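*Asks:* give me a 3D structure for the following:
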Amino acid sequence: MKTNHEETMVLSGGIQLFTVIDYIENSDAVIVIVHGLCEHCGRYDYVVNKLNSYGYSEYRMDLRGHGKSEGESTFINSFEEYIEDCNIIVKLAKQQNPEKPIFMLGHSMGGFISASYGIQYHDFLKGQILSGAAVMVLPDLKNALNLDYKAQAQTRIPNALPDKVSRDPNVVKAYREDPLVKKDFTIMLMGEIFIRGAQWIEQNRKKYRYPCLILHGGNDQIVPPLASHTFYEEIASTDKQLKIYDNLYHEILNEPEKDMVIEDIHAWIKSHC
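*Replies:* Presented below is the predicted three-dimensional model:
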């Protein structure tokens, strides 16, 4: 039996975090889903329904400043805020499912947040699945490492991702027309995640030791597959798997082959329950 309900979690500063819980009675595991830059948790409905059918409950939220959550649009004071927000959701999931193994699935920026969470909180989860995770300084930002992004914190950068998210034109169209997908983001967020945060994770990834399934599209034009290759090679985990899907774009969970990807996730989680 499945139930679906929404909760509001109150963060530091009184910010309300929009949270959706898809609960399966007698579930085998619980999965916390962390979305990417400019998007929202509602874009994972298909993934959630498939994972529910396999017997997993899901917890997902709109990150602060995204989707239906409060907070200044696509603005953060530090990337650590996202890590702590995720910890609130993990604690909720553990409180409501004390006997269940808990996994975290993070995509893109959400993959960065998940991996960072894994470094900070290395005993809370059963394992992690990272999809197209931004776990390195991206090539386009190599020349911006000394940028004083805080001096331009409120400047906004257009969201130029739509054509690169998927080979499926219907996904691209839905992304463009989705009123909850942000059309731009702040330089402050870019600097905290993709400059300071990316440098931090490069310096600390050897501390990461969770069991993990690392997935990436072979034709990802947003986050290069090198990010996942390097993370896989550098982390301390002994239980780790890397899978690159030839020709797939950035959102492997929204590609025509998405069912195959979700089945791979299911098989890995099943083997770790």
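*Asks:* only C-alpha atoms for contact and neighbour calcs from this point on.
*Replies:* Noted.
*Asks:* how about the strands of the stretch 151-273 of the chain, start to end?
*Replies:* Secondary structure of the stretch 151-273 of the chain by DSSP state E, counting those that start in this stretch: the strands cover 156-158, 184-186, 212-217, 240-245.
*Asks:* closest to V48 out of the ones you listed?
*Replies:* strand 212-217 (17.4 Å; C-alpha to C-alpha).
*Asks:* which residues touch that closest one?
*Replies:* Residues outside strand 212-217 that contact it (C-alpha atoms under 8 Å, 6 or more residues apart in numbering) are 127-133, 225, 228, 232, 237, 239-252, 265, 268.
*Asks:* what about Y44, how many neighbours?
*Replies:* Neighbours of Y44 under the rule other C-alpha atoms under 10 Å: 16.
*Asks:* and what about it, helix, strand or coil?
*Replies:* At Y44 the chain is in helix, as set by DSSP: H, G, I helix; E, B strand; the rest coil.
*Asks:* and it, how far is that from D62?
*Replies:* Distance of Y44 to D62, given as C-alpha to C-alpha, to the nearest Å: 11 Å.
*Asks:* ditto for Y210
*Replies:* Taken as C-alpha to C-alpha, the span from Y210 to D62 is 24 Å.
*Asks:* likewise for H229?
*Replies:* Taking C-alpha to C-alpha, one finds H229 at 28 Å from D62.
*Asks:* these two: who's more crowded?
*Replies:* Counting neighbours by other C-alpha under 10 Å for H229 and for D62 shows that D62 has the greater number, 24 against 16.
*Asks:* quick one: contacts for the more buried one?
*Replies:* Shown in contact with D62 (C-alpha under 8 Å, 6+ apart): L17, F18, T19, H35, H40, C41, K68, S69.
*Asks:* so what are the sheet partners of the host helix or strand of the second one and their directions?
*Replies:* Under the assignment given by DSSP states H and E, the secondary-structure element containing F18 is strand 16-24. Using DSSP bridges, strand 16-24 pairs in its sheet with strand 2-10 (antiparallel), strand 56-61 (antiparallel).
*Asks:* could you say which of these is packed most deeply?
*Replies:* Ranked by mean neighbour count, the strands paired with strand 16-24 are led by strand 56-61 with a mean of 26 (mean count of other C-alpha atoms under 10 Å).
*Asks:* that one: how far from the chain's middle?
*Replies:* The gap between where strand 56-61 is centred and where its chain is centred comes out at 13 Å by C-alpha atoms, centre = their mean, to the nearest Å.
*Asks:* what's the following helix or strand after it?
*Replies:* Using DSSP H and E, the helix or strand that follows strand 56-61 in sequence is helix 80-96.
*Asks:* sorry, back to before: comparing the strands paired with strand 16-24 by mean pLDDT, which bottoms out?
*Replies:* Of all those, the minimum mean pLDDT falls on strand 2-10 (a mean of 82).
*Asks:* what is the end-to-end distance of stretch 213-226?
*Replies:* 15 Å.
*Asks:* pLDDT (mean, whole number) over stretch 168-184?
*Replies:* Stretch 168-184 comes out at a mean pLDDT of 98.
*Asks:* same check, this time on stretch 220-235
*Replies:* pLDDT averaged over stretch 220-235 gives 98.
*Asks:* again with stretch 27-41
*Replies:* Across stretch 27-41, the per-residue pLDDT values average to 98.
*Asks:* go on, stretch 103-114?
*Replies:* Mean predicted confidence for stretch 103-114 is 98.
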